[in-house]
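got a predicted structure plus its sequence, pasted below:
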Amino acid sequence: MGLLQSQPEFVQVLADKSVRAGDTVTLQCEVNTEWLTVMWEKDGQKLHCVHDKHIMKQEGQLLTLEIRNAEEKDDGSQGQMVTELEAFVIQRDEVRELNFLLCGPIGAGKSSIINTINTIFKKRIYVTHQASSFTARFQKCKVGTAQDRFLPFVLYDTMGLDSGDNAGMHPDDFITAVKGHMKEGYQFNPINPLNENSPYYRENPSLSDRMHCLVFVIPADRISRMDSVIIQKMKNIKNAATAMGLPQVILMTRVDQACTLTNNDLHYVYNSKKIKDKMLECQRALDIKMNCIFPVKNYHEETDISEDVNCLMLHALTRIVQWADDYVDKYSNN
Ligand SMILES: Nc1nc2c(ncn2[C@@H]2O[C@H](COP(=O)(O)OP(=O)(O)OP(=O)(O)O)[C@@H](O)[C@H]2O)c(=O)[nH]1
Ligand SMILES: [Mg+2]
């Protein structure tokens, strides 16, 4: 939060505060003049004062903002997570970008994740990565903007997994991609996976060409009815990734479709029994630890940016970036 005015200076700036949910938070700062107009900001945006929740006071040179009945959403953590990710530097300069491979059933929300992450960093709704038109090529998707700089991680979108033998992305293609053999632009072929004779096959991939985190995308509202063949395909991919020591996470999408409470208010996501049950189902299906399963909601029909949607995704992305960086650090030759 901050104070906007041309001439005055802070005598005492805002301090960080840790509080319990339900507490009243008092944020205070001091300036060197009484003659000013004050505006409080949160995450770089003007604070929308809510009646009986935000109380602003100006007593001489002392400026106070009282936030009653503090909730998680009152935290300015979105801005902090964005700043930290924008400033992120990979530990090893052998690798210039961390590569994340998205993997999941058809229509799970893989392309929408790319749109959601780009929406956060472009700070406007981003829909270029066409969701709902199925993904046919191996595509690398940058995050951020050319003007401000792209972030040091990229997402690789893939075709969805299907239950048929000759339908959806071939599981062998995931393993080929994880190992770094698959070149961008490769057209997925459900029947014949990529082979060494193809121009899209990279012979000797380096650590930079390999994937640094495998991101399973599982829709919360469909996990209970998911075909066992699809689950088995994901398990096989997971086992191959485990053998390579690759970090793996689950982004559990469509939480709004799985729980009415969460649909009405995304803050319920961590308190909802339904969502917890869906996370447990994901854990059992793929044998991935609960602290590597992240419930998220994608932008899909919204026209405005939502801090709640952003915070869920940013929380997951922060962990993914850290774990991928640890993997690169471990396997780097330098
Ligand atoms: N309600 C809701 N809808 C979502 C969410 N994520 C994705 N969708 C919708 O689900 C549908 C499928 O999303 P996509 O992002 O195209 O899924 P995909 O995994 O890329 O699909 P394929 O490329 O066909 O495998 C689209 O209509 C999205 O708008 C979410 O979190 N909540
Ligand atoms: Mg897609």
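Perfect, I can see it now. This structure is a prediction, so every number in the text was calculated from the model and none was measured. Numbers count the residues shown, from 1 in each chain. Ligands and ions are numbered 1, 2, ... in the order given.

residue in this structure with the shortest distance to ligand 1?
As assessed by C-beta to the nearest ligand atom, ligand 1 sits closest to G160 within the chain, at 2.7 Å. Placement of C-beta: from N, CA and C, glycine included.

list the contacts for that residue?
With contacts defined as C-beta atoms under 8 Å, 6 or more residues apart in numbering, G160 is in contact with G104, P105, I106, G107, A108, K110, F134, T135, G168, M169.

quick one: which of the residues you listed has the most company?
K110 (29 neighbours; other C-beta atoms under 10 Å).

so that one sits right up against L101, yeah?
No: if you go by C-beta atoms under 8 Å, K110 and L101 don't touch, sitting 10.0 Å apart.

joint contacts of those two?
Counting by C-beta under 8 Å, 6+ apart, the residues touching both K110 and L101 are T158.

wait, doesn't G60 sit right on T33?
No: under the criterion of C-beta under 8 Å, G60 is not in contact with T33, lying 9.7 Å apart.

after the worst-scoring helix or strand of the chain on mean pLDDT, which helix or strand is next?
Least confident helix or strand, the chain: strand 45-46 with a mean of 68, by mean pLDDT, DSSP states H and E. Once strand 45-46 ends, the next helix or strand along the chain (criterion: DSSP states H and E) is strand 54-59.

sorry, back to before: for G60 and T33, indicate the residue with more neighbours.
Neighbour count, other C-beta under 10 Å: between G60 and T33, T33 has more, with 12 against 9.

now for that one: which residues touch it?
Contact analysis of T33 by C-beta under 8 Å, 6+ apart lists Q7, P8, Q61.

any chance of JSON lines for the residues you listed, columns distance to T128 and pLDDT?
JSON lines is the format used below for the contacts of T33 (distance: C-beta to C-beta, whole Å; pLDDT from 0 to 100):
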{"residue": "Q7", "distance to T128": "43", "pLDDT": "72"}
{"residue": "P8", "distance to T128": "43", "pLDDT": "81"}
{"residue": "Q61", "distance to T128": "48", "pLDDT": "90"}
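
which ones among the residues you listed lie within helices?
Per DSSP state H, helices hold no members of these.

run a quick neighbour tally on P295.
Neighbour count of P295, defined by other C-beta under 10 Å: 26.

check which helix or strand N263 maps to.
Going by DSSP H and E, N263 is part of helix 260-264.

re the thing from before, Throw the contacts of T33 into JSON lines and include distance to ligand 2, thanks.
Below are these laid out as JSON lines (distance: C-beta to the ion, whole Å):
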{"residue": "Q7", "distance to ligand 2": "52"}
{"residue": "P8", "distance to ligand 2": "51"}
{"residue": "Q61", "distance to ligand 2": "55"}
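
what's the closest of those to D326?
Nearest to D326 out of the contacts of T33 is P8 (C-beta to C-beta; 44.8 Å).

next, count neighbours for the closest residue to H300 other than its chain neighbours.
Excluding the flanking residues, the one nearest H300 by C-beta to C-beta, 6 or more residues apart in numbering is S112, at 6.0 Å. A total of 24 residues lie near S112 under the criterion other C-beta under 10 Å.

so who does S112 touch?
Going by C-beta under 8 Å, 6+ apart, S112 touches A131, T253, N298, Y299, H300.

same question for K140.
Counting by C-beta under 8 Å, 6+ apart, K140 has contacts V154, L155, Y156, E184.
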